[in-house]
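# Quick one: sequence plus predicted model below, questions after.
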Amino acid sequence: MATKNKTTETEVNVIDFINSFVDNKQKREDSFLLIELMKQWSGFEPRMWGPTMIGFGSYHYRYASGHEGDAMLIGFSPRKAEFSLYVAAPENDNKQLLDQLGKYKMGKACIYFKKLSDLNLDTLEKLSKATIAYINEHHECPCR
């Protein structure tokens, strides 16, 4: 029996979420700027995914095991300790882009950073667009 994905798109308002969840002024400002940038880069409106993730666009994936579901193209979460950034383009230039990104820590599936000024925004744009291009090439169409 297939398991239900834990992280799915919700109807929670993104602005309401930030205003109620993010209690640090700088993190709130960074969140609103990141929303504008990712909206511009992706061409999609922000949507909540699960209780704390803000995603832009979506795509359908299907693994050889039969597990399938929907996921955001790119996104972030303004977590209490630091931001989690959901962008990764596993192509040859990914390492070069990460080397130019700025001050961050790499997790298994995301990038952690304290404040947006720690990152090179031009590089973040390239990384975000490379992520979208990779997903478009390797997964079903992000048509939502």
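Thanks, I have the structure now.
# The closest residue to W49 other than its chain neighbours: how many residues sit nearby?
The spatially closest residue to W49, leaving aside those adjacent along the chain, is G55, at 4.4 Å (Cβ to Cβ, 6 or more residues apart in numbering). From N, CA and C alone the C-beta is placed, and that goes for glycine too. A count of neighbours around G55, defined by other Cβ atoms under 10 Å, yields 25.
# residue contacts, G55?
The neighbours of G55, taking Cβ atoms under 8 Å, 6 or more residues apart in numbering as the test, are E9, P46, R47, M48, W49, A71, M72, L73, I74, G75, Y86.
# I'd say the fourth one and E9 touch.
What that stands for is M48. Yes: here M48 lies in contact with E9, judged by Cβ atoms under 8 Å, at a distance of 7.2 Å.
# Neighbour-wise, which one of the contacts of G55 leads?
Neighbours were tallied for each of the contacts of G55 (criterion: other Cβ under 10 Å), and the maximum of 28 neighbours falls on G75.
# for the protein, what spans make up the strands?
Defined through DSSP state E, the strands belonging to the chain, from first to last, are 46-49, 53-62, 68-78, 83-86, 105-106, 111-113.
# between those, which one is nearest to K95?
Go through these one by one with Cβ to Cβ and the one that ends up closest to K95 is strand 105-106, at 10.7 Å.
# Bridged to the residue positioned nearest the centre of the chain, which residues?
Averaging the C-alpha coordinates of the chain gives a centre point, and the residue nearest to it by Cα atoms, centre = their mean is G75 (1.7 Å). Applying DSSP bridges to G75 yields these beta-bridge partners: G55, Y86.
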